[in-house]
Structure formats: C-alpha cells, structure tokens
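K.L.:
Sharing a model that was predicted from the sequence below.
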Amino acid sequence: MRQLSMIVPTYNCEAYLREGLDSILDQMSREHELIVVDDGSTDGTREKLAEYEEEWQGRRREQNQEQEPNLRIRYESHRGASAARNIGLEMADGRYVAFMDCDDCMEEGFLEKSRPLLEKNGALYIFGIRRELLSGEIEDWSVNDQVYDSMSDFADEYIRKRKMLIYSNCNKFYSRRIIEEAQICFEEGVAFGEDRLFNYRYLIECGKLEDAGSAGPADAGVVTSSLTMLRYIERKQESMSTKPIPDYHRQIIRLHREKMNCFLGLSRGTTEEERQDFEEYDLSKELLLENKGPGSNRSEKGR
C-alpha cells in the first residue's frame with residue numbers, strides 16, 4: 001500500500017496541465033501515486049495527457065523500474081468534477097488520499113515536509129493555501145500547528161474560531177479506510193459546495209467511528225498544520241468561485257444546515273450560547289454573500 005494517493009480531475013485545462021501535474025510528480029517518491037481522471041475534455045487536454053503518460057512510461061523504462069506505476073490516467077465522459085473524483089477514489093491505493101484541481105499547483109517541497117506528520121495517524125489533515133490573484137496579490141490562508149485528539153475537540157474549536165479552512169478538499173489528507181468503510185463519495189449534480197458536503201459527511205463518519213470505539217490507534221483525530229499545501233491560482237476573471245450559480249439561495253441554506261448538523265452534532269464541549277452564536281454567525285455570513293448577488297467572490301477553498 002502506498003502512503004498517499006493524489007487525485008486530480010481534469011477538464012479543458014490544456015494551457016496549464018503540465019504546470020500542475022509537474023508540481024506533484026517532481027515531488028513524488030515510490031510511496032506516492034498520482035491519479036488523473038479526465039472528465040471528457042474537448043480542448044487538447046486528452047492529447048496532452050496521452051503524451052504525458054507516454055513520456056512518463058519512457059522515463060520508467062530508462063530507469064528499469066518494475067514496481068507498479070505511480071502515475072495512472074483514466075479517460076471518462078463528461079459528468080463533472082464530483083464524478084471524476086469518485087472514480088479517482090475507486091482507483092486509489094494509498095493509506096491517505098488527497099485532491100487537487102487541475103488549475104492549481106502543489107507547493108514546492110510539500111510532500112517531503114508533510115511526511116513526519118503522518119506519524120501522528122490522524123483521520124484528517126488540514127494544511128494551508130496560498131491564493132494568487134489575477135492582480136498579482138498574494139493571500140496566505142493558514143491554520144495553526146495543532147493535534148485534536150477527537151472530532152468533538154475539533155468541532156468545539158471550530159465553533160469558537162470559525163476559520164479553520166474546512167471548506168475545500170484540496171488542502172487535506174483523508175483516510176482511505178474511513179472513506180471506503182463509510183462509503184463516502186462526492187455528490188454529483190451539485191453546482192456549488194460539493195467539497196463542503198463531502199467534508200461534513202467525512203467528519204460525521206469519523207465521529208461515529210470514535211463513538212463506536214472502532215477508530216483504532218490510527219486514523220483518529222484531526223491534525224492541522226501551518227504547512228502550505230497548494231497554490232490556488234486565479235486563471236481568469238470568471239471562475240468557479242465567481243460565476244453565477246443557479247438557485248444559489250436554496251443551496252447555501254442547505255449548506256448551512258449540513259454544516260450545523262455536522263459541527264453542532266459533533267461538539268461536546270461548547271455552551272448553548274456558543275452554539276447559538278455560531279449558528280447565527282454562519283447563516284448571516286452566507287446570506288450576506290447571497291445578497292451581494294450572482295458573481296460575488298465566493299471561494300470554496302476558504303473558511
């Protein structure tokens with residue numbers, strides 16, 4: 001079993017495909033694998049992926065490598081990023097799985113720097129994100145170096161602090177065992193917030209394992225790290241975080257409810273006042289974004 005499976009869905013990203021994949025492959029060792037699932041690209045992404053795969057296989061032959069290849073590419077019809085990620089999960093062989101969007105890049109040296117943290121046997125790891133805007137401005141979103149022994153401890157802290165980068169799935173390591181045993185997958189057909197829904201369910205299932213006493217010595221608790229995992233690069237003015245989303249109001253109400261179900265359900269150490277303040281604060285923030293109208297700057301990689 002490999003230590004980590006990186007899953008990257010691709011769709012019409014010909015212009016920046018190599019930049020993103022190289023940022024991962026240049027760091028990988030034999031204990032890592034990269035799984036690329038193309039979601040029915042129509043530009044030139046598939047052709048570039050085929051070239052990339054041939055180049056990688058040639059490099060392996062030159063080095064007389066006989067072990068299982070650590071780059072695997074799957075070509076699928078267009079069903080959306082959630083479906084592509086689910087296919088990647090089915091293919092993954094690592095103890096942990098991680099995701100990256102095809103237009104982002106992994107921070108240089110991240111895999112080596114994060115290696116010692118895996119000895120902490122967390123069920124979930126959360127890392128920082130560097131956001132590079134079209135204007136050239138840099139935003140660093142980070143979390144503190146901390147180990148939370150239980151999902152309840154983590155939920156308590158989040159309810160009080162509120163900003164711990166829980167939304168995205170591109171700055172996290174997840175236990176593949178937990179995903180498989182709980183049959184967690186990305187909900188398809190969701191225009192906005194599929195990352196959050198996945199994360200909320202994952203946290204809930206981790207909490208269930210703890211309550212049942214079946215979490216075991218490994219895959220328990222949450223590890224947050226000040227290490228930056230990826231560079232989120234704004235490629236164009238309209239992106240998934242800025243373009244209009246149909247029925248946005250209904251969707252954010254659902255996301256709010258799912259979030260409350262997750263964190264209020266997991267929390268054991270917060271007061272009623274803290275819980276009520278958290279619920280009111282979160283709903284007001286979501287409605288504020290909704291009132292700004294379509295095209296407001298909403299990033300799934302934050303919060």
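P.N.:
Ah, there it is.
K.L.:
Helices of the stretch 1-150 of the chain, residue ranges please.
P.N.:
17-25, 45-62, 81-91, 110-114 (DSSP state H, counting those that start in this stretch).
K.L.:
In TSV, list the ones you listed along with mean neighbour count, mean pLDDT and distance to residue 149.
P.N.:
For the C-beta atoms, the positions are set from N, CA and C on the backbone; glycine is no exception. Listed next are the helices of the stretch 1-150 of the chain as TSV, based on neighbours: other CB atoms under 10 Å; pLDDT from 0 to 100; distance: least, CB to CB, whole Å:
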stretch	mean neighbour count	mean pLDDT	distance to residue 149
helix 17-25	19	94	31
helix 45-62	14	84	41
helix 81-91	20	97	27
helix 110-114	17	97	20
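K.L.:
Same list (those) but as JSON lines, adding distance to residue 10.
P.N.:
Shown next, in JSON lines, are the helices of the stretch 1-150 of the chain (distance: least, CB to CB, whole Å):
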{"stretch": "helix 17-25", "distance to residue 10": "7"}
{"stretch": "helix 45-62", "distance to residue 10": "5"}
{"stretch": "helix 81-91", "distance to residue 10": "8"}
{"stretch": "helix 110-114", "distance to residue 10": "20"}
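K.L.:
Quick one: closest of the ones you listed to residue 1.
P.N.:
The minimum distance between residue 1 and the helices of the stretch 1-150 of the chain falls on helix 81-91, with 13.7 Å, by CB to CB.
K.L.:
for the lengthiest strand in the chain, packing partners?
P.N.:
Taking DSSP state E as the criterion, the chain has its longest strand at strand 222-233. For strand 222-233, the packing partners by 3 or more CB pairs under 8 Å, 6 or more residues apart in numbering; DSSP states H and E come out as strand 105-106, helix 110-114, strand 124-132, strand 146-148, helix 151-161.
K.L.:
I'd like the ones you listed as TSV, with distance to residue 194 appended.
P.N.:
Compiled in TSV, these are given as follows (distance: least, CB to CB, whole Å):
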stretch	distance to residue 194
strand 105-106	21
helix 110-114	24
strand 124-132	17
strand 146-148	25
helix 151-161	20
